[in-house]
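Undergrad: Below are the sequence and a predicted model; questions follow.
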Amino acid sequence: MLNFENTEYKNFSPLGYDFASSLKSYSACARLHLPPPVGSSVLKGEEKSKTVTSKLSCKKYAQMDFDGYGLGGAFLKETLGDILTWCNEELPENKPRHLLGLSHPDDILIGTENGADTFDCVAPTREARHGRLYTMHGPINLSKYRDSDEIIDEGCDCPTCLSHITLGELRRLWKSQDRTESAKYFELASIHNLRFIIRLTEQARQAILDGTFKEFKEFFLNSYYKNK
């Protein structure tokens, strides 16, 4: 796995690893269609000092015939768009670019805007486990919804919302000491949060096809983060 740091704009230098050896190993993997780890190159960013090797790394790895490229690591939100732009300017357009470990709504839209094709993250299920549910008007915390007869989101098409289970009942299941009930809560909440994120990517894709991505991004972020 290649590591690079990414806070400066002009200073490109390797980190404390054998860069030439890494290139040799990855080149052999690409030539022989062997992993690392499944035929794609992973470029991992870490915010440790004010050096940037992302562009250099991507330029080198773009010359290798990988099935796809993973971009990930400790990206800061304020520099995420810049880093992805630098990387994707160098990576081949006909190969998928996967953004690892980021799937909050703003991360997905910034990633999409700057060339990322696919995403993964534990956030939707992790936040569900802690009683945090996504809605178009921002996340809600179940701890505030004792005895509520509202559903999570009237406009949601996930099985959880279509079942019309109330926030009050979801809160009861979440707080239950019965393992069967708590497991049921986790299933229902995870289904909802995952569907919310998948629907966001579907909407973003359609907005790109319609030529309205900029307007969609602004509308969504204003709605989702309006209370922050």
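TA: That came through, no problem. Numbering: from 1, shown residues only.

Undergrad: How about the contacts made by the residue sitting furthest away from the middle of the chain?
TA: In the chain, residue 147 marks the outermost C-alpha relative to the chain mean, sitting 33.2 Å out by C-alpha atoms, centre = their mean. By C-beta atoms under 8 Å, 6 or more residues apart in numbering, the contact set of residue 147 is residue 168. Heads up, the C-betas are built off the backbone N, CA and C, glycines and all.

Undergrad: Could you check how far it is from residue 135?
TA: Applying C-beta to C-beta, to the nearest Å, the value for residue 147 to residue 135 is 19 Å.

Undergrad: Same question for residue 99.
TA: 24 Å.

Undergrad: do the same with residue 163
TA: Using C-beta to C-beta, which is the criterion applied here, residue 163 is 16 Å from residue 135.

Undergrad: quick one, strands of the protein?
TA: Listed in chain order, the strands of the chain (DSSP state E) span residues 2-4, 40-45, 68-73, 97-100, 118-120, 132-133, 140-141.

Undergrad: Compare the ones you listed and say which comes out lowest on pLDDT.
TA: The stretch with the lowest average pLDDT out of the strands of the chain is strand 2-4, scoring a mean of 37.

Undergrad: Kindly tell me how buried the nearest residue to residue 208 once chain neighbours are set aside is, as a neighbour count.
TA: Nearest residue to residue 208, sequence neighbours excluded (C-beta to C-beta, 6 or more residues apart in numbering): residue 112, at 7.5 Å. Using other C-beta atoms under 10 Å, residue 112 is surrounded by 21 other residues.

Undergrad: what ranges do the helices span in the protein?
TA: Listed from the start of the chain, the chain has helices (DSSP state H) covering 19-32, 54-61, 77-90, 105-113, 123-129, 159-162, 167-175, 179-210, 213-224.

Undergrad: Select, out of the ones you listed, the one closest to residue 142.
TA: When those are compared for distance to residue 142 using C-beta to C-beta, the nearest one is helix 167-175, at 4.5 Å.

Undergrad: which helices and strands sit right next to the closest one?
TA: Under the contact definition 3 or more C-beta pairs under 8 Å, 6 or more residues apart in numbering; DSSP states H and E, helix 167-175 sits against helix 179-210.

Undergrad: For the helix it packs on, what is the distance to the chain centroid?
TA: On the basis of C-alpha atoms, centre = their mean, to the nearest Å, helix 179-210 is displaced by 13 Å from the centre of the chain it belongs to.

Undergrad: for stretch 199-211, same thing?
TA: Averaged C-alpha coordinates place stretch 199-211 at 16 Å from its chain's average position (C-alpha atoms, centre = their mean).

Undergrad: which of residue 163 and residue 135 has more neighbours?
TA: Shown here are residue 163 and residue 135; by other C-beta under 10 Å, residue 135 has more neighbours (17 against 10).
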